[in-house]
Every structure is written in structure tokens, then in C-alpha cells.
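1. build me a model from this:
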Amino acid sequence: MIKCAIHDGPQKFMTTKIVFYSPGKDSQPWLDSFATALPGAEIWAWTPECAERQADYAVCWAPPAALFAGQHKLKAIFNIGAGADRVMQIPDIAALTKGATIIRLNDAGMAVQMAEYVCHALIRHTREFAHYEAQQQRHEWKTLPAIDRARWPVGIMGLGSIGARVAQAVAAFEYPVFGWSRTRRQLPGVVTFSGRDNLERFLREVRVLVCLLPLTGETAGILNADTLGKLKPPAYLINVARGAHLVECDLLALLEDETLAGATLDVFGEEPLPPAHAFWNHPRITLTPHISAITLREESVKQIVEKIGALASGNEVDGIVRANIGY
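-> Down below sits the predicted model:
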């Protein structure tokens, strides 16, 4: 029989009860970190056998609907990840959670990782480092011409806390940077566009497109033949948001007709990527296994504990997911 893993401590937070769930993760380090940060709280890892044990707060990633079906007094749900789509896609989530506030992490160490990843992918492509790697294999010594950054305008789709950090990191390397978001944002060194009406104008300014959008009903499939076909050719795609943003067959077709020069992909419609998938062996696709920004446990726990304290004191917290827009 599977037992509920529980940390019970002294008096200070004896009334605080937290249930944790994240598939594929060892839950024990998370339980230990919360126990240290909230001495006296009751913290346990969710399993079906623990389904009826009542919690004040849920901390989770990609939770099953069954986690919420057994809960009747949740005050808030903390999503440990850059996007809340894995919670929001659960059918009838508002009714299932009985109106509990859903809160996403603002950053928790992910923004700098994402900026590193995007800048690496951008510079590797624009400076033609793949070409130099091939030259090394041939023992060939040949210098390629220096690039003109003005010919490599970069577009960032999604200008939240992570997207803004990425945009400014790219701008620091003196590439022209454009940004697009649902609502208008202003960022130093970035030309910004907003709303569907301005999406085409944004795309036509861009040669390297970076997707950092939240996944919602409006953004699913947004990287398709129509949108990618509006980029300055030969264009390049970097997707570090969600696999469902990309229409995979459209990408392959655009690579085939050389509308796109290549792509760096960290996220996919099916993960792990199936062994027979066409992306694995495509010469102009670089892929990584969803590692562009890994959730950092200590930073995440610190942020969640601070927000629990704010909620307990009746104060406002940021990162509240708005059901009408999905993030």
C-alpha cells in the first residue's frame, strides 16, 4: 500500500496544510524544502490513496483532475512552471476547484535561463557556428564574413516577465528587437506591437521569431504556415513556449521550400518526442528535451511561501491566473 509522505512540524504553521504533486519529479526534496520554510505545516505528496486528505493549498505541475475532485477547502493552487496551461486545460477547472485562486510563478529563476537559451540559439544561427562545427569535422580552416546585425531583426512573441527579460537580453547584443503581446507593453530598446490587428505588422519586421507566449485557446497553433510565411526570408524559429503553439507539418513544409532556414525547438506536441518523429534527423532542426528553463526548487518554494503569507494576511498577490484569458 502506498503511504502519504508527510512532514509535520512544530506549532507556528500547524494549521497550514499543503498537498504537492508533480509527475516525474522526486517529491521528497520539495517536501523537505517546504518543511524547512514552513515549520509546523503539514505537507504531503498526493497519491490516489491520499485523495480525501484535505489541504489549504495545492502546489502542482500537470495535476490530474482527481487531485482537485477530492479537495473541498482549497484556498489557492500554485502552479510550478512558466505557464498555467496544464492546470487551465482541465475540463471545468473553476467548478472542480470550487473557485480556488490559481497562481503562477512569476519567474523563480526561469527568466535568466530562458534568456541564456534564446541568446545561444540566436547567436549559434546568426554567427553560423553549425557551419564551423562542420568545418572542424573536415579539418577545414575558413573564416566566414562578419554578420550585419541589422539584417537579423528578432521578434519576441509574449512579453510577460520572462519574455521581457529575453527581449532585453537580445537587445544587449545589439540585434534589432521587436515584441508582440496581447496587450501593449513598453520596453527600453524594444519596438512593441499588441493585439491581433498588429500581428502581421510585427511578423513582417522579423527574421528570427522567438515564441514565449502562454498557451491558450487563442494562441494554440499560432506558429503556422500563414504566420511563419510572413517573416523576412530566410527566417528562423525558436520555440521555447509550448509544443501546441506550432503546427509541426507546416514547419516541415516551410523548411522544405526554404521559407525557413531552420529552427531550434525545446517543446513539442508530444513529449518525450517519439523516436520515429521527423524532427530527430532533420538537418536544419536543433532540438532539446524541454530544458530551456528548469523550475528551480528553492526559488519556487521561497516565492510560494511568501505568497501563502500574503494570502494569510489578507494582502494581494501577483501572478493570479485570469480564467477569461487563461494565464
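2. report the distance from stretch 78-96 to the chain centre.
-> With Cα atoms, centre = their mean, to the nearest Å as the basis, stretch 78-96 stands 14 Å off its chain's centre.
3. for the record, mean pLDDT for that stretch?
-> For stretch 78-96, the per-residue pLDDT values average out at 90.
4. what does that stretch contact?
-> 22, 57-63, 65, 68-69, 77, 102-105, 108, 110, 114, 162, 214-216, 241-242, 293, 295, 300, 304, 307, 321, 323, 326-327 (Cβ atoms under 8 Å, 6 or more residues apart in numbering). All C-beta spots, glycine's among them, are computed from the backbone N, C-alpha and C.
5. so for stretch 129-148, mean pLDDT?
-> pLDDT averaged over stretch 129-148 gives 97.
6. picking that back up, quick check on the contacts of stretch 78-96: which are buried?
-> The neighbour count (16 or more other Cβ atoms under 10 Å) marks 22, 57-63, 68, 77, 102-105, 108, 110, 114, 162, 214-216, 241-242, 293, 295, 300, 304, 307, 321, 326-327 as buried among the contacts of stretch 78-96.
7. in helices, which of the residues you listed fall?
-> Among the buried ones among the contacts of stretch 78-96, the members falling in helices (DSSP state H) are 68, 110, 114, 162, 300, 304, 307.
8. excluding its backbone neighbours, what's nearest the fourth one?
-> So the one you mean is Ile162. Counting by Cβ to Cβ, 6 or more residues apart in numbering, Ala111 is the residue found nearest to Ile162 once chain neighbours are left out, at 4.6 Å.
9. got the contact list for that neighbour?
-> With Cβ under 8 Å, 6+ apart, Ala111 has these contacts: 161-162, 165-166, 293.
10. count of neighbours near Ala146?
-> Applying other Cβ atoms under 10 Å, we find 7 residues neighbouring Ala146.
11. likewise for Leu96?
-> Neighbours around Leu96, by other Cβ under 10 Å: 16.
12. ok, Thr143 next?
-> 7.
13. ok, now Ala276?
-> 7.
14. cool, and the one 10 residues further on?
-> By other Cβ under 10 Å, 16 other residues sit near Thr286.
15. returning to what we had before: how about the ones in helices among the buried ones among the contacts of stretch 78-96, which pair is most distant?
-> Phe68 and Met114 (28.9 Å; Cβ to Cβ).
16. helices along the stretch 151-300 of the chain, start to end?
-> 161-172, 199-203, 225-228, 248-256, 297-312 (DSSP state H, counting those that start in this stretch).
17. quick one: which of those is nearest Leu38?
-> So among the helices of the stretch 151-300 of the chain, helix 297-312 is nearest, using Cβ to Cβ, at 6.0 Å.
18. would you mind measuring from the residue nearest to Leu246 when sequence neighbours are not counted to Val247?
-> Leaving aside its sequence neighbours, Leu246 sits nearest to Leu223 (Cβ to Cβ, 6+ apart; 4.3 Å). The gap separating Leu223 from Val247 is 7 Å, by Cβ to Cβ, to the nearest Å.
19. higher neighbour count, these two?
-> Leu223 (25 against 20).
20. run a quick neighbour tally on Ala261.
-> 16.
21. check contacts around it.
-> Ala261 neighbours (Cβ under 8 Å, 6+ apart): 125, 234-236, 284.
22. just give me the closest of those residues to Gln28.
-> Closest to Gln28, out of all of the contacts of Ala261 and judged by Cβ to Cβ, is His125, at 40.2 Å.
23. enumerate every residue touching the closest one.
-> Contacts for His125 (Cβ under 8 Å, 6+ apart) come out as 208, 236, 261-262, 264.
24. and if you look at Ile320?
-> 101-103.
25. again, only this time at 6 Å
-> 101, 103 (Cβ atoms under 6 Å, 6 or more residues apart in numbering).
26. give me the most central residue, this structure.
-> Ala82 (4.0 Å; Cα atoms, centre = their mean).
27. that one: helix or strand, and which one exactly?
-> Ala82 is part of no helix or strand, with elements assigned from DSSP states H and E.
28. mind checking how far it is from Gly163?
-> Counting by Cβ to Cβ, the gap from Ala82 to Gly163 is 10 Å.
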